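*Asks:* Fold the following.
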Amino acid sequence: MHPTLPPRRRRLAGLTTAVLVALSAGVLAVTVAASADAATVGAGSYTETLPAGAKLPTGCGNLSTNPRQYVTSNAPAGAVPTNDWWSSLLFKKGDDCNFSQPLFAGPAAYRPVAGGLGLSYQTDAAISGSATGLGEYHYPYAQHVVVGVAGLNASQALVDGWSDWTVTPSWNDGTRTLKATIGRGLPLSYYQVTGGDALLTITGPPTAWQNSGNRIGFSIGGHDYVAYGPAGSTWTVSGSTIRSSLAGKGYFSVAVLPTLSSASTADKVALADTYGQYAHNHVTGTRVSYTYDQGSGTVNTTYAITTTAREGSGSGTVIALYPHQWRYLTGASPLASTYVSPRGAMKIVTGTSFSTSMKYTGVLPELPAVADSSGADQSQVTAFLNNELNNPSDFRGDDTYWTGKGLGRAARIAEIADQLNLTSVRDSALNVIRTRLTDWFTASSGKSARVFYYDKNWGTLIGYPASYASDEDLNDHHFHYGYFVAAAATLAKFDPSWASSARYGGMVDLLIRDANNYDRTDTRFPYLRDFDIYEGHDWASGHGAFGAGNNQESSSEGQNFSNALIQWGQATGNNKIRDAGIWLHTTQAAAINEYWFDVRNENFPATWGHNYSGIVWGSGGAYATWFSADHAMIVGINMLPMTGGQLYLGDYPAVVRSTYAELVRNNGGEPTAWRDILWQYLALGDPDAALAKFKANTSYTPEEGESKAHTFHWIRNLAALGQVDTGVTANHPLAKVFTKNGAKTYVASNITNAALTVTFSDGKSLSVPAGRTVAGGATNWTGGNATGGGTTTPPDTPETPCTSGPLLSQGRTATSSSTESAAYGANLAVDGDTGTRWSSAFADPQWLQVDLGSAQSLGRVELNWEVAYGKAYQIQTSTNGTTWTTAATVTDGAAGTRTLPVSGTARYVRVNGTERGTPYGYSLWEFKVYGACG
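*Replies:* Predicted coordinates:
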């Protein structure tokens with residue numbers, strides 16, 4: 001029997017039927033002031049006190065309040081990652097509180113057990129369901145090998161470290177230890193052991209096809225593995241075990257080969273030789289970096305891997321690339337062999353990095369009103385818009401998801417009404433957005449609803465009322481918050497004051513950072529929480545504790561978040577946010593077309609029968625949803641919400657038509673639910689057919705986040721514009737090209753108060769007046785009145801602003817006016833250990849100073865106060881330790897961390913406390929002085 005999973009999310013209000021999916025196996029420059037109830041960010045605020053009745057993330061043991069319960073002391077500091085392919089190892093939940101659910105890394109899958117790390121590589125899909133009904137495919141975890149230490153019997157596996165796409169599980173039974181580093185796209189896994197011999201326990205007797213010196217190659221279950229020991233070591237086979245003393249050196253690696261069962265021994269040995277060149281270059285880190293070249297409309301990404309040679313002086317490793325990576329690979333040629341994976345064929349390169357180059361073909365705030373700005377079409381869309389005057393949001397709930405849906409609906413109405421100069425409708429929608437967002441962004445004392453709560457233990461911002469386990473499981477933050485950010489971006493173009501950092505822009509930024517923190521230096525939130533950097537798309541579940549790994553249903557709502565970053569960054573002049581959105585959007589569009597729509601018909605198993613996947617799992621995919629068996633919803637969940645950021649869905653018009661045809665076939669006729677969403681999707685492949693369907697049935701019930709005004713506007717204007725053209729880019733982020741009958745229409749949106757010239761890669765230029773959206777070419781139109789946006793033309797070289805200079809104070813000589821006792825000396829405030837502290841005598845005034853060793857240019861000071869904090873104090877600087885200059889003054893101090901900008905050059909820096917916040921002394925966990933940028 002296949003285990004079943006409880007539904008993660010039921011999106012439709014009042015829906016009682018759910019489908020159970022069966023499985024086969026730089027910191028923002030705003031002042032933040034904390035109080036007992038709330039922390040203010042500009043004019044906004046969030047609470048740091050859990051609202052009444054609210055739930056925290058839940059898991060095994062005391063995970064709710066200690067998310068580091070299952071990490072070792074070696075693990076990186078800061079917020080723990082969630083929503084990753086390996087999250088069930090850390091966010092333990094459900095029926096495995098000791099180890100984890102299977103971890104589908106690609107090409108291999110892993111599962112920690114008491115004796116070590118289990119390995120699986122599957123090339124045959126398990127398929128269930130039917131080609132016209134619900135159905136799934138999986139490459140389930142089926143253990144071939146357990147890699148461990150002889151005698152190891154650990155009670156649990158902990159997390160010893162992680163990087164952008166690797167994780168290091170750790171075992172310790174008191175006598176023996178094991179550490180394993182595994183990662184996305186890594187055919188080699190790396191091990192360090194103490195207390196015993198390396199032991200490989202095979203599921204059934206292995207067939208050794210090579211056992212020579214420190215290397216053994218063997219087959220099990222039709223697949224080939226190679227174990228590489230240190231120089232001078234040997235391997236011994238006994239029944240179902242393979243063992244090595246490792247010549248006393250304590251390290252080795254194991255590779256899974258891409259060989260087929262028909263491969264000759266010579267082919268296997270040749271691959272083992274190639275891999276052997278990298279076997280002892282243990283991977284110790286991974287890091288992604290990206291740039292957006294605005295002039296050429298190109299997104300360039302580098303995936304870098306750090307290795308440490310356990311013997312020799314080599315570097316690099318073997319790397320397996322997913323289709324969305326190798327299709328855009330630059331500067332490298334893959335090997336001939338490929339791996340089978342749930343995402344399709346993985347091609348192999350070697351080295352320390354690889355790079356991809358993708359074209360960013362643009363997004364729009366909204367489709368231009370080229371066809372419904374005059375005549376009968378204008379009368380129709382105006383009537384639809386006027387019907388929304390008094391209720392543009394049509395909120396269906398008060399939680400974060402349904403609030404977001406309503407905000408998104410209002411934003412679409414505001415955008416269209418502005419193009420058509422219906423200012424009363426536009427302003428009604430903007431007022432709803434402003435009022436509701438301001439409410440959510442204000443954490444007044446005792447407020448328990450429409451409030452955001454920051455949990456410093458988890459490093460997350462949770463909105464209450466939460467929904468679909470966005471609190472308990474940290475699910476779906478990118479889905480929910482994407483709607484908030486997108487609506488804020490629309491508002492920002494008309495009310496830039498509201499969006500400023502002095503007012504509510506800082507709260508919008510916090511939502512962005514929570515869902516997908518774009519700033520590595522900001523340790524309040526994990527870097528890119530919801531985004532799988534290597535697989536190129538979001539994961540919805542915070543814990544991923546399922547037999548099939550993590551999952552993502554609504555890829556389009558993930559793209560709604562990415563587009564929201566582009567729109568918000570452009571509207572506020574924040575290129576770092578905008579470029580993060582462009583990278584996320586471009587990368588994920590490629591992944592969605594590969595893994596949800598299989599646009600080339602190469603990635604899904606040939607016998608599955610579906611050309612579309614409603615849910616992507618770590619081990620496969622499903623033609624299903626979490627909440628309904630209705631074919632319209634199974635398909636529509638990866639289209640909504642339709643915005644100018646979803647035009648990537650039209651990159652392959654033939655696939656649009658094919659997916660819609662499969663829907664009709666499986667449904668036994670045209671859909672009766674979510675018709676507006678599906679007609680808008682069809683319009684990207686066959687706009688005339690979509691328009692005919694709309695006109696034949698205007699009495700339909702809109703999807704909960706849609707309006708008839710927007711649906712008609714979308715379909716009618718695509719019928720005039722044609723299909724998206726992916727062959728042309730622009731030097732402006734808010735631009736798109738359409739083709740109809742071979743003739744192109746160029747569209748660009750200028751949301752600033754200064755004229756703009758947009759140049760396209762085929763030589764076409766558009767002059768775009770302030771606040772206008774312009775269409776030119778085969779179809780010509782201009783409209784819009786949004787002039788409140790930020791900078792539109794950043795430098796050709798993407799900005800990489802310095803957010804922090806070097807830490808100057810750690811380990812330096814510190815002195816103080818007094819100490820509470822010898823156990824609380826001044827040096828403990830500059831030792832880098834947040835578990836030790838300086839504590840003064842119980843009197844005013846008191847001071848602590850650090851000698852930087854030489855005169856240094858200063859940038860900021862960070863004070864981490866214990867409960868006994870300074871209420872009033874100055875930061876003072878000196879070049880000689882005698883004459884002091886006040887660089888910053890605080891009169892509203894509180895416990896916790898406070899960062900203060902300072903400037904100038906000094907050798908000595910001190911905090912001079914003038915008023916204690918408690919009857920005790922002054923007590924600092926850490927006193928950090930940072931240098932100036934550059």
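*Asks:* all contacts plus neighbour counts: C-alpha atoms, from now on.
*Replies:* OK.
*Asks:* Ala126 and Ser262: what is the separation?
*Replies:* 21 Å (CA to CA, to the nearest Å).
*Asks:* More neighbours: which of these two?
*Replies:* Ala126 (17 against 8; other CA atoms under 10 Å).
*Asks:* Can you name the residues bridging to that one?
*Replies:* His138 (DSSP bridges).
*Asks:* Pull the contacting residues for it.
*Replies:* With contacts defined as CA atoms under 8 Å, 6 or more residues apart in numbering, Ala126 is in contact with Ser24, Tyr137, His138, Tyr139, Pro140.
*Asks:* do you know how far it is from Glu594?
*Replies:* Using CA to CA, Ala126 is found at 20 Å from Glu594.
*Asks:* again with Phe91
*Replies:* For Phe91, the distance to Glu594 - CA to CA - is 29 Å.
*Asks:* So these two - more neighbours on which side?
*Replies:* Taking other CA under 10 Å, Phe91 and Glu594 do not tie; Phe91 has more neighbours (29 against 22).
*Asks:* So which residue is dead centre in the chain?
*Replies:* Residue closest to the average C-alpha location in the chain (CA atoms, centre = their mean): Phe531, at 2.4 Å.
*Asks:* Tell me the bridge partners for that one.
*Replies:* Beta bridges link Phe531 to Asp538, judged by DSSP bridges.
*Asks:* That one and Ser541 touch, don't they?
*Replies:* No - counting by CA atoms under 8 Å, Phe531 stays clear of Ser541, with 11.1 Å between them.
*Asks:* any shared contact partners between the two?
*Replies:* Joint contacts of Phe531 and Ser541 (CA under 8 Å, 6+ apart) are Asn83.
*Asks:* Which residues does Val288 form beta bridges with?
*Replies:* Under the criterion used (DSSP bridges), Val288 bridges to Tyr303.
*Asks:* OK, contacts around it?
*Replies:* Neighbour list for Val288: Asp164, Thr301, Thr302, Tyr303, Ala304, Ile533 [criterion: CA under 8 Å, 6+ apart].
*Asks:* Find me the pLDDT at it, would you?
*Replies:* In this model, Val288 is scored at 97, pLDDT.
*Asks:* And for Pro919?
*Replies:* We have a pLDDT of 88 for Pro919.
*Asks:* Pull the number of nearby residues for it.
*Replies:* That count, for Pro919 with other CA under 10 Å as the rule, works out to 10.
*Asks:* same check, this time on the one 3 residues further on
*Replies:* Neighbouring residues of Tyr922 were enumerated by other CA under 10 Å; the total is 32.
*Asks:* my read: it touches Leu848, true?
*Replies:* No - contact criterion CA under 8 Å: Tyr922 and Leu848 do not qualify, at 9.4 Å.
*Asks:* I'd like the contacts of Ala126 laid out as CSV, including neighbour count and distance to Thr241.
*Replies:* Output for the contacts of Ala126, formatted as CSV (neighbours: other CA atoms under 10 Å; distance: CA to CA, whole Å):
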residue, neighbour count, distance to Thr241
Ser24, 21, 28
Tyr137, 28, 32
His138, 24, 29
Tyr139, 26, 25
Pro140, 26, 24
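*Asks:* Tabulate those (CSV), appending distance to Pro733 and pLDDT.
*Replies:* Output for the contacts of Ala126, formatted as CSV (distance: CA to CA, whole Å; pLDDT from 0 to 100):
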residue, distance to Pro733, pLDDT
Ser24, 43, 34
Tyr137, 38, 98
His138, 38, 98
Tyr139, 39, 98
Pro140, 41, 98
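*Asks:* can those residues go into JSON lines with extra columns for distance to Gly239?
*Replies:* Listed next are these as JSON lines, based on distance: CA to CA, whole Å:
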{"residue": "Ser24", "distance to Gly239": "29"}
{"residue": "Tyr137", "distance to Gly239": "34"}
{"residue": "His138", "distance to Gly239": "31"}
{"residue": "Tyr139", "distance to Gly239": "28"}
{"residue": "Pro140", "distance to Gly239": "26"}
